[in-house]
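> Provided below are the primary sequence and the corresponding predicted coordinates.
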Amino acid sequence: MVNSWNLLTKEEYHLLRRVIYKDITTAYRLQPVDGSIEAITALLEEGHFMACVTSQQGFGLQIAKEYFSYRRLPIPCYGVGYGKSKARRAIKLRGDVFFDDDPPKLLQLQGAVPYLFLHDWTFNRSIKINPDIIERAGDRYTCAWERFYERIHQIENGQFDP
């Protein structure tokens, strides 16, 4: 996500990744995004299938898997590799909805997944997106995971078209 916005040089980004991904205890120190654990737990309890599709591979992917295990969330993780599209994995999983915080990665999923949601953060809020393709989940006043949860139910009830 950081590198997609060119906030760091490629070398700085890879150095930061090496620091973060050198120790499995990173998984235990990561703090959940506001509302994420509650929304994920509720969706799983309602019978929804959820998976984590990440650009990470190797040790970074292991940290993601350990994070979900540590949080007792039965979510499988799939690593596609740095700079690669997540579309093939999303198609293989037959995903209906994809939630990410990186608009370029979401755009690569156009046509592969019917519902694309952007996790809205301060760093990506000013990025222009086509709302006919990607919907922003959350804003300054509404938790993105809370809005995402609501949208899932609207999709289920046929009240929300892609």
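Structure's in. What do you need? Note that the structure is a prediction, hence the values are computed from the model and not measured.
> got the residue ranges for the helices in this protein?
For the chain, the helices defined by DSSP state H occupy 10-20, 26-29, 36-45, 58-70, 87-92, 103-107, 144-156.
> Which among those is found nearest to Thr122?
Closest of the helices of the chain to Thr122 is helix 144-156, at 11.6 Å (criterion: Cβ to Cβ). From N, CA and C alone the C-beta is placed, and that goes for glycine too.
> give me every residue that touches the residue nearest the centre of the chain.
The centroid of the chain falls nearest to Asp100 when counting by Cα atoms, centre = their mean (3.5 Å). Residues near Asp100 by Cβ atoms under 8 Å, 6 or more residues apart in numbering: 86, 106, 116-119.
> Rebuild the helices of the chain as CSV, extending it with mean neighbour count.
As requested, those are exported to CSV (neighbours: other Cβ atoms under 10 Å):
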stretch, mean neighbour count
helix 10-20, 12
helix 26-29, 14
helix 36-45, 16
helix 58-70, 17
helix 87-92, 16
helix 103-107, 18
helix 144-156, 18
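> could you dump those helices to TSV with mean pLDDT?
Below are those laid out as TSV (pLDDT from 0 to 100):
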stretch	mean pLDDT
helix 10-20	74
helix 26-29	81
helix 36-45	96
helix 58-70	92
helix 87-92	96
helix 103-107	92
helix 144-156	92
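> Same list (those helices) but as CSV, adding distance to Lys128.
Shown next, in CSV, are the helices of the chain (distance: least, Cβ to Cβ, whole Å):
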stretch, distance to Lys128
helix 10-20, 23
helix 26-29, 33
helix 36-45, 25
helix 58-70, 29
helix 87-92, 22
helix 103-107, 9
helix 144-156, 18
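> To Gly79, which of those helices lies closest?
Closest among the helices of the chain, using Cβ to Cβ: helix 58-70, at 3.9 Å.
> Could you export that closest one as CSV, keeping only the C-alpha atoms?
The C-alpha atoms that make up helix 58-70 are tabulated as CSV, following Å, rounded to 0.1, in the frame of the first residue of the first chain:
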residue,chain,number,x,y,z
GLY,A,58,7.0,-16.2,2.3
PHE,A,59,7.5,-14.9,5.8
GLY,A,60,5.1,-12.0,5.3
LEU,A,61,2.3,-14.4,4.4
GLN,A,62,3.2,-16.5,7.5
ILE,A,63,2.7,-13.4,9.7
ALA,A,64,-0.7,-12.8,8.1
LYS,A,65,-1.7,-16.4,8.8
GLU,A,66,-0.4,-16.2,12.4
TYR,A,67,-2.3,-12.9,12.9
PHE,A,68,-5.6,-14.5,12.1
SER,A,69,-4.7,-17.6,14.1
TYR,A,70,-3.8,-15.5,17.1
